[in-house]
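[1] have a look at this prediction, sequence included:
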Amino acid sequence: MIRSIFLGCGAYLPATCVTNEALIAQKGIDSTSAWIERRTGIKERHFAAPDEKTSDMATQAAKNALAHAGLSIDAIDLIILATTTPDDVMPSTAARVQANLNMTRGFAFDIQAVCSGFVYALTVADNFIRTGQAHHALVIGADKFSKLLDWEDRSTCLLFGDGAGAVVLGAKEEKGITADQGILLTALHSDGRHYDLLKTDERGLVRMNGSEVFRHAVTNLSEVVDEALEVTGLKPEDIDWLVPHQANQRIIDGTGKKLALPKERIVTTIARHANTSAASIPLALAEAVHDGRIQRGQLILFDAMGAGFTWGLAVARW
Ligand code: UT7
């Protein structure tokens, strides 16, 4: 059967890095660095420059992923960009990235699943590849969440950062669940009844009922991990790496505990990146692949939960 295999990955973080202390002082936020670090694990985040767009960050991450894969843009026939912060309402930001990369064939489109965006985009790309409609896909998660923040709302404004990450997928004839390489399983869920718990308001700024989102995240992620283990017949000890969405260290620790994974087997970037929405998973993946932690043949579980609610996971052999 045809499987989607990972050919490369890349990341991009904007140059400006702001610590909790600096942000609290700069914006006059009624909070402390200790509170935000204790409740979330966040110490600092990167912010894009005012004229730096989501498409600029996405393009850089895509170029880095292509270089890592050793492929030119001519090989790519599909771009899927997960973002909540498109450059414009229309056309898609993926179209801008396609043009930036000088790609004149194939097709490109955006996906909106907020913090679950990368897992959604990976799933969609995997389906295109397995049905033969695409052979090489760029899957990008990119967000400039800073443009959605209300600096008067201390319960959200310290949680997010900006960035982008990308992977290159290719089609390969492989075995089933015992495949040596590639995406083995994806599982997506949504429940729109919770629309109002995490959304933008009439001014386009983030509003969140944090404790309710937290409660659902822990439950939903636990259930989807159970589902994945049941469907694949894998055991928690088969998983080499957890590369989770980075919203809160305590949510990540919960999934790690469920999989009985030691801390060294969980890729966490939240302290340095904060929550970069659709970018968080490919940013974490690129970091752990490029520093040599994740090795070819190892089994990775990616999981994410976001507004909508949306949630899901992917199990893949790197
Ligand atoms: O990626 C998309 C999904 N997003 C998430 O998964 C985020 C999930 N939620 C969370 O990570 C947590 O709910 C937060 C980190 C956002 C908040 O932590 P919490 O432990 O759930 O706090 P809380 O919202 O229940 O607030 C507890 C207290 C409140 O004070 P009172 O009402 O108990 O007196 C807040 O006013 O903490 C207060 N508070 C703060 N205090 C200092 C809220 N924000 C701050 C702050 N600094 N920045």
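    Yep, that arrived.
[2] which parts of the biggest helix by length in the chain are buried?
    Scanning the chain for the helix with the most residues, using DSSP state H, yields helix 210-232. Neighbour-count burial for helix 210-232 flags 210, 213-214, 216-218, 220-221, 224-225, 228-229, 232 (criterion: 16 or more other C-beta atoms under 10 Å). For every residue, glycine as well, the C-beta is placed using N, CA and C.
[3] just checking, what packs against whichever helix or strand comes after that helix?
    Later in the chain than helix 210-232, the nearest helix or strand by DSSP states H and E is strand 241-244. With contacts taken as 3 or more C-beta pairs under 8 Å, 6 or more residues apart in numbering; DSSP states H and E, strand 241-244 sits against helix 249-258, helix 280-290, strand 299-306.
[4] now with 10 Å?
    Packing contacts for strand 241-244, counted by 3 or more C-beta pairs under 10 Å, 6 or more residues apart in numbering; DSSP states H and E, involve helix 249-258, helix 280-290, strand 299-306, strand 310-317.
[5] ok, which of those comes nearest the ligand?
    For these, the distance to the ligand is smallest for strand 299-306, at 4.5 Å, taking C-beta to the nearest ligand atom.
[6] parallel or antiparallel, list what pairs with the closest one.
    Strand 299-306 has the following sheet partners, assigned by DSSP bridges: strand 241-244 (parallel), strand 310-317 (antiparallel).
[7] for it, buried residues please.
    By neighbour count on 16+ other C-beta under 10 Å, the buried set for strand 299-306 is Ile300, Leu301, Phe302, Asp303, Ala304, Met305, Gly306.
[8] so Leu198 touches Gly192, yeah?
    No. At 12.0 Å, Leu198 does not count as touching Gly192 under the criterion of C-beta atoms under 10 Å.
[9] which of the two has more neighbours?
    Set side by side, Leu198 and Gly192 show more neighbours around Leu198, with 22 against 8, by other C-beta atoms under 10 Å.
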